[in-house]
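> turn this into a model:
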Amino acid sequence: MTDPSRGGLKSPELPEATAGPTQLLLPFVPYAAISIVHVAFVFIGNPLAGPTKLLLMPLLAVAILWASAGVRPWPGKALSLLLLGVLFSWLGDGSSAFFPMFADEVPMMLACFGIAHVFYVLLMWRGRGLARGGFPKWALGYVAAYALLVSLLVPHTGDLTVPVLFYGALLVATAAFAARCGGLIAWGGFWFLASDAILSFRIFTPDAMPDWTSGAVMLTYTLGQGLIAYGVVRALATRAN
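Modelled structure (predicted):
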C-alpha cells in the first residue's frame, strides 16, 4: 500500500506471533521425563531419587520460560509469580541440602512451600485471564478436607501445630483458587493438595504410612506442579490471542 505522506510503500502490519498447542507442550517434555524417572526411583528406593528431585523445579522453570517465549504480549507479571512459586518449591524440595544449619528440615520445608503457595494464590487471584469466574460449589470440599486433616494431624504435630495450621490454610487456598481457573490448573491444585496431605501423614504419623506412600507423594506432587505450570502458560497464551 502506498503511503502518500512518504511517497513510498507502507509495510503491512503483521499479527503478533502466538504459540500453538505443540509449541507450549514440547518444553514440558524434559520435566515430564525426569518426573517419571524420579518417581520410579522413589518407589524402588534408588539413591538417585535425591539428586533427581533437585532437577524437577529447575526443569519446570525452564519449561515455563521456553513455552512462554513466543507469547505476545509477554505476560511478565503473571509469569514472575509462577516462577517465584516454582523457586520456593525447589527450596522446599531441597530444604535439607539448602539449609543444613537446621537439625530438622521440616520447619524450613513448611516455610519455603508456604511462601510458594502465597505466590500461587496471588497468581491465580490477580493473574488476568486465569480465573473463569467465582469459586465453584464443589470447592467447599477443600474446606472440609482442611478440617479433616487438621483434626487428624494436630494431635501429632507438637511444637509445629501453628505452622502446620497456617501452611494447611495456604495449601487449601491454592487448591481453591486453582478451582476458579478450571481445567488443568484446577486438577493441578487438587493433586498438589493430595501430595501434601500424604506427606503430612508421612511426617507426623510415619508408623501408619506404608513405604509406597513416599512414591505417591512425589507422583502427585510432580503431576500437580506440572499441571499448574502448563495450565497457566496455556491460559496466558490463549489470553494473548
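
> so where do the strands sit in the protein?
Shown for the chain, the strands assigned by DSSP state E span residues 2-3, 8-9.

> can you map out the helices along the chain?
Ranges of helices in the chain, per DSSP state H, are 21-25, 29-44, 49-68, 76-93, 95-98, 106-126, 140-157, 161-181, 183-204, 212-240.

> now residue 197, nearest residue through space, not along the chain?
Nearest non-adjacent residue to residue 197, counting by Cβ to Cβ, 6 or more residues apart in numbering: residue 149, 6.0 Å away. The C-beta positions use only the backbone N, C-alpha and C, and glycine is treated the same way.

> what sits against that neighbour?
Contacts were defined as Cβ atoms under 8 Å, 6 or more residues apart in numbering; by that measure residue 149 touches 168, 197, 200.

> and the last one, how many residues sit next to it?
Using other Cβ atoms under 10 Å, the number of residues around residue 200 comes to 22.

> what's the answer for residue 130, then?
Residue 130: 22 surrounding residues under other Cβ under 10 Å.

> that one reaches residue 122, doesn't it?
No: in this structure, residue 130 is not within contact of residue 122 by Cβ atoms under 8 Å, at 11.1 Å.

> related to what we said a few turns ago, so for the residue nearest to residue 197, what's the pLDDT?
For residue 149, the model assigns a pLDDT of 94.

> how about the one 4 residues further on?
If you check residue 153, the pLDDT there is 95.

> quickly note the distance from it to residue 215.
21 Å (Cβ to Cβ, to the nearest Å).

> tally of neighbours for residue 183?
Residue 183: 13 neighbours (other Cβ under 10 Å).

> state the distance from it to residue 225.
16 Å.

> residue 30 too?
In this view, residue 30 and residue 225 are 14 Å apart by Cβ to Cβ.

> just residue 127 next, same as before
Residue 127 is 17 Å from residue 225, by Cβ to Cβ.

> okay, those two: which has more neighbours?
More crowded of residue 127 and residue 225, by other Cβ under 10 Å: residue 225, with 25 against 22.
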